[in-house]
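Colleague: Build the 3D model from these lines:
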Amino acid sequence: MSRFFGWAGRSTHPDEIPPAVMSRIHDLCLAWNWEYDADFVKLLGEACSSRGLDLWEATPETLCHVLEDLHQGTASFKVLLDRASDADPRFLSLVKWAEANAVRQINPHAKAVHAINKASMHLEFITAGIQTPHTIILPPYNECPQIVAPDTGPLGDRFVVKPAHGGGGEGVVFEVSSIEQVLTARRAFSGDHYLLQARITPAEWAGRRAWFRVIYCDGKVYRFWWDITRPVYRQISEEEDREFGLAPLTQIMLTIAGICGLDLFSTEIALTAAGVFVVVDYVNNPIDLRLRSAAADGVPDETVRDIAGRLADLVLRNVDGASP
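Modeller: From the prediction side, this is the model:
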């Protein structure tokens, strides 16, 4: 559904426009740089194509050409999905262009930056009534090298230390039991706040820990059994939903979506033996969308296909100036 526009922005037939001023408007620009995103990109491309949408890929190999087209005015786009700038700052030029041109962003950059700050999210979750592990937040080492040793008693004999930013367990130290370990850990990412958190012990049913990974995409919630000790997605069945009372997972996720303002993200939630749902990993973005058919710990193929379709529908709602 790409469009061609003349110098005055008037829609016209391409044959009437001199090549030097022809501008192609793509429906969706997808910035990606992780090789394991290839299957997701293929599914998203198919979803866009089936809806008559045009997908423009910005990769490390094509980024220079994409930026050149944007700056010369020979191409533009209506929606941006950025899955690259978190790892490669060069892609921030696309974000800046989108912001300067009031382009709809899937996971708006400013909101995404705020949402991945665990220290900020922790405080906002508490305000919203979402249960989180008991937490102590420490200032960045660079700003405050010397700190008064916090009272870690409420965290238990062993607790978790993690930087406010980062994903995939980067910088997280488990089984911490002394303030000396805390002081050492916070030097690893010296410019970041650190969270000291109580370990959450989930309930166990028939040998299965009540630990869940939940994905949100444009209003829909996908709920899975998932555990760091058993990192395999398994969808919650209707029978399990009723038997174990797992309906609150959906409302918690919708509340988090309202707080962070993202279109696509994941969260980890545990259910304790006391029947309390505790959000243990706040907002993950970008999320790992490897297919299960390609990786044992990947997301079920049908879920990724459905997510691709929902993202394409989101784009479709925006390409002709409709409300997002």
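
Colleague: alpha carbons only for contacts and neighbour counts from here, please
Modeller: Will do.

Colleague: lowest average confidence, helix or strand, in this structure?
Modeller: Here the helix or strand of the chain ranked lowest by mean pLDDT, DSSP states H and E is strand 3-5, holding a mean of 35.

Colleague: And the next helix or strand past that strand?
Modeller: Note on strand 3-5: by DSSP states H and E, the next helix or strand toward the C-terminus is strand 23-32.

Colleague: now that next one, how far from the centre of its chain.
Modeller: Strand 23-32 sits 20 Å away from the centroid of its parent chain (CA atoms, centre = their mean, to the nearest Å).

Colleague: same question, stretch 90-101
Modeller: Offset of stretch 90-101 from its chain centre (CA atoms, centre = their mean): 18 Å.

Colleague: May I have the secondary structure class of V66?
Modeller: With DSSP: H, G, I helix; E, B strand; the rest coil as the basis, V66 sits in helix.

Colleague: what pLDDT does it get?
Modeller: V66 carries a pLDDT value of 98.

Colleague: Let me see the confidence value for the residue positioned nearest the centre of the chain.
Modeller: The centre of the chain sits closest to N285, judged by CA atoms, centre = their mean, with a distance of 1.9 Å. Residue-level confidence at N285 comes out at 96, pLDDT.

Colleague: What of V148?
Modeller: Value for V148, per-residue pLDDT: 89.

Colleague: could you check the distance from it over to P139?
Modeller: Shown here: V148 relative to P139, a distance of 11 Å by CA to CA, to the nearest Å.

Colleague: Compare the two (neighbour count), which wins?
Modeller: More crowded of V148 and P139, by other CA atoms under 10 Å: P139, with 18 against 5.

Colleague: which ones are touching that one?
Modeller: Going by CA atoms under 8 Å, 6 or more residues apart in numbering, P139 touches 192-194.

Colleague: Just those: which are in strands?
Modeller: If you go by DSSP state E, the contacts of P139 have Y194 in strands.

Colleague: From the chain's centre, how far out is the helix or strand hosting Y282? Work that out for me.
Modeller: According to DSSP H and E, Y282 maps onto strand 277-284. From the chain centre to the centre of strand 277-284 is a distance of 13 Å (CA atoms, centre = their mean).

Colleague: just checking, what packs against it?
Modeller: Under the contact criterion of 3 or more CA pairs under 8 Å, 6 or more residues apart in numbering; DSSP states H and E, strand 277-284 touches helix 118-127, strand 264-271.

Colleague: CA atoms only for that strand, dumped as PDB, please.
Modeller: What follows is strand 277-284, C-alpha atoms only, in PDB (Å, rounded to 0.1, in the frame of the first residue of the first chain):
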ATOM      1  CA  PHE A 277       0.600 -12.800  42.000                       C
ATOM      2  CA  VAL A 278       4.000 -11.100  42.100                       C
ATOM      3  CA  VAL A 279       5.500  -9.400  39.000                       C
ATOM      4  CA  VAL A 280       9.100 -10.500  39.100                       C
ATOM      5  CA  ASP A 281      10.500  -9.200  35.800                       C
ATOM      6  CA  TYR A 282       8.900  -6.000  34.800                       C
ATOM      7  CA  VAL A 283       8.900  -4.900  31.200                       C
ATOM      8  CA  ASN A 284      10.900  -6.700  28.600                       C
END
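
Colleague: Next, the angle helix 118-127 makes with that strand.
Modeller: Interaxial angle of strand 277-284 relative to helix 118-127 (axes from the mean of the first three to the mean of the last three CA atoms, to 10 degrees): 140 degrees.

Colleague: so strand 277-284 versus strand 264-271, what angle?
Modeller: Using the same axes, to 10 degrees, strand 277-284 lies at 160 degrees relative to strand 264-271.

Colleague: next structured bit after strand 277-284?
Modeller: Toward the C-terminus, strand 277-284 is succeeded by helix 301-319 as the next helix or strand (DSSP H and E).
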